[in-house]
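1. Sequence and predicted structure, then a few things I'm wondering about:
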Amino acid sequence: MKAMVLAAGVGSRLEPLTTQVPKPIVPVANVPVMEHLLKLLAKHGFTDICANLHYMPEKLTEYFGDGSQFGVKLNFRFEEKLSGDAGGVRACREFLQDGTFIVIMGDLITDADLTKVIQEHKKKKALVSIGIKEVDDVSQFGVVVTDDNGFITGFQEKPSNEEALSKFISTGIYVLEPEVFDHIPATGDYGFGRQLFPTLVAKRLPVLGVEIEGYWSDVGCVEKLREANFDALSGKVKVDLLGKKEKRGDATVWLGENSRIDEGAKLSGLLMLGRNCKVHTGATFGGTVVLGDDVVVESGVHIVDSVVWSGSKIGANAEIKNSVIGYDCTVAGGTNYNEVATVDSQSETAVAR
């Protein structure tokens, strides 16, 4: 079967990080989000994949190419003007219309059993199946209401927890039959959650909710991005982790090729280093920390529960907590970052999150 990754979004909630890269290339455990998704799709037999592009399309095409290095055949469809998520799928109708297909949002980190979703979809002969997940706080999500057989009877858009009719939310994982194209207008903006799915339910067509087992999170904001990095290193989500895993004192370390940690560095918690990193004597790490490739951490630096992207240099005695430092940043010695996302070398331009 074929798959489509929705990769055209701008990622405004991840700014300023997405001024450097589009959201699908934002790294989780030093691997782009979309690469994790391609590997998951390939694992479940989806090897013929289309992705729509709009924002910084060249960065996606340059990184992913034809998809062969990730075990898939990847095609791209450029959208000059965004037309909603269902509109983006409509643009790939010719590619998708020859059978059942899956659509997945390009900002998800998940180890969901996609095969089970397909099996339930076919077993119950649904026109559309929506992957759903039970969460404690539904107020930031689209809520899905189902009957006793799992078929969807209604939706709520970001209700308060008190007003919610269900604790299940839409995950951005959809299985669709090609007949669904008959219900998508030929032109104009058109969305799944606000338009297509409520319309199908109102017509009493079979729209199924299938509970997603395993880990699921979107990385649409900085807090969720940090959390996904931490969950990857802790094993909460099952994704491939790069580097040689080893114990160093109280720390578990994933050490990339040609990376070096001086003996005088103090390590605890979980620490991932990409390739060609250098950690100097007197640097200390706590909680969960991810360093990209070619990162330099000078003496006296203290980093806790943070992510530093490739090419950045952290000056002596700087302190970084609960933050994400973008690509090729120079953090001046003695700087104190707390709950910050930045792509700039000057602390005053950092954006608190």
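-> Noted; the coordinates are in hand.
2. Report the contact partners of the closest residue to Leu242 other than its chain neighbours.
-> Nearest-residue entry for Leu242: Asn30, 5.6 Å, with adjacent residues in sequence omitted and distances by Cβ to Cβ, 6 or more residues apart in numbering. Using the backbone N, CA and C atoms, a C-beta is placed for each residue, glycine as well. If you count contacts by Cβ atoms under 8 Å, 6 or more residues apart in numbering, Asn30 has them with Leu242, Gly256, Met272, Gly274, Val290, Gly292, Asp293, Ser310.
3. SS state for the spatially closest residue to Ala3 that is not a sequence neighbour?
-> Residue nearest to Ala3 in three dimensions, not counting chain neighbours: Phe46, with 4.0 Å by Cβ to Cβ, 6+ apart. Counting by DSSP: H, G, I helix; E, B strand; the rest coil, the backbone at Phe46 sits in coil.
4. Can you pull the poorly scored residue ranges out of the stretch 251-353 of the chain?
-> Under the criterion pLDDT under 70, the flagged ranges of the stretch 251-353 of the chain are 345-353.
5. how about the strands in it?
-> In order along the chain, the stretch 251-353 of the chain carries the following strands (DSSP state E, counting those that start in this stretch): 260-261, 266-273, 278-279, 284-291, 296-297, 302-308, 313-314, 319-321, 324-325, 330-331, 336-338, 340-342, 351-352.
6. Out of these, which one sits most buried?
-> The highest mean neighbour count among the strands of the stretch 251-353 of the chain belongs to strand 324-325 (a mean of 28), with neighbours defined as mean count of other Cβ atoms under 10 Å.
7. what lines up beside that strand in the sheet?
-> Here strand 324-325 is paired, per DSSP bridges, with strand 302-308 (parallel), strand 340-342 (parallel).
8. got a list of contacts for the first one?
-> Strand 302-308 is contacted from outside by 27, 225-226, 229-230, 283-292, 295, 297, 314, 318-325, 337, using Cβ under 8 Å, 6+ apart.
9. which non-adjacent residue is nearest Val21?
-> Nearest-residue entry for Val21: Lys59, 5.9 Å, with adjacent residues in sequence omitted and distances by Cβ to Cβ, 6+ apart.
10. Give me the phi and psi for Leu38.
-> Geometry field for Leu38 lists phi and psi as phi -60, psi -40, criterion degrees, to the nearest 10.
11. picking up where we left off before, quick one: which of the strands paired with strand 324-325 is nearest Pro16?
-> Of all these, strand 340-342 sits nearest to Pro16, with 6.5 Å by Cβ to Cβ.
12. sorry, back to before: using CSV, lay out the strands of the stretch 251-353 of the chain together with distance to Lys116.
-> As requested, these are exported to CSV (distance: least, Cβ to Cβ, whole Å):
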stretch, distance to Lys116
strand 260-261, 41
strand 266-273, 30
strand 278-279, 42
strand 284-291, 30
strand 296-297, 43
strand 302-308, 31
strand 313-314, 43
strand 319-321, 39
strand 324-325, 33
strand 330-331, 44
strand 336-338, 41
strand 340-342, 35
strand 351-352, 39
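13. Now do the helices in the protein.
-> Listed from the start of the chain, the chain has helices (DSSP state H) covering 33-43, 57-64, 85-90, 93-96, 114-123, 197-202, 222-234.
14. name the helices or strands packed onto the shortest one?
-> Of the remaining helices and strands, those touching helix 93-96 by 3 or more Cβ pairs under 8 Å, 6 or more residues apart in numbering; DSSP states H and E are strand 2-6.
15. can you do 6 Å?
-> Contact analysis of helix 93-96 by 3 or more Cβ pairs under 6 Å, 6 or more residues apart in numbering; DSSP states H and E lists no helix or strand as a packing neighbour.
16. Now do the buried residues in that helix.
-> Going by neighbour count (16 or more other Cβ atoms under 10 Å), the buried part of helix 93-96 is Phe95, Leu96.
17. right, and the strands paired with strand 324-325 - which one's nearest Lys81?
-> Closest among the strands paired with strand 324-325, once you apply Cβ to Cβ, is strand 340-342, at 28.3 Å.
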